[in-house]
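> Predicted model follows, preceded by the sequence.
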Amino acid sequence: MTALLSEDDITKALTELPDWTRTGDSIARTVEAPSFLSGIELVRRVAVAAEAANHHPDIDIRWRRVTFTLSTHSAGGLTALDVALAHEIDRQTQQA
């Protein structure tokens, strides 16, 4: 099982992820895509990266607004897997 991050680790990680916010045991980011289809394409790219990492975000799509929420449910909170996928989602959003 992946180890939970400490509060200090989470704080440090979020300084490197300024578009992400923490709510309890998860972090989330909302992206506004230029169009509905570009939002769907962003989700597709993130899905490919998530599948490769075997770590999957919760995704909420509302027209052009896509919200990604990360938490390692099997560990009961935030782990290095969430931080790594958040960085990858940030990379993918730069292509949107």
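Good, I have the coordinates.

> where along this protein do the helices fall?
7-15, 36-53, 80-93 (DSSP state H).

> Which neighbouring elements make contact with the last one?
So that's helix 80-93. Contacts defined by 3 or more C-beta pairs under 8 Å, 6 or more residues apart in numbering; DSSP states H and E place helix 80-93 against strand 26-32, helix 36-53, strand 65-70. In short, each C-beta sits where N, CA and C put it, glycine included.

> got the helices of the chain as TSV, with mean pLDDT columns?
Below are the helices of the chain laid out as TSV (pLDDT from 0 to 100):
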stretch	mean pLDDT
helix 7-15	97
helix 36-53	97
helix 80-93	97
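
> Please identify the most buried of the ones you listed.
Across the helices of the chain, the average number of neighbours (mean count of other C-beta atoms under 10 Å) peaks for helix 80-93, which reaches a mean of 19.

> End to end on stretch 67-78, go ahead and measure it.
17 Å (C-alpha to C-alpha, to the nearest Å).

> re earlier: could the helices of the chain be laid out in TSV, adding distance to residue 22?
Output for the helices of the chain, formatted as TSV (distance: least, C-beta to C-beta, whole Å):
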stretch	distance to residue 22
helix 7-15	6
helix 36-53	19
helix 80-93	10
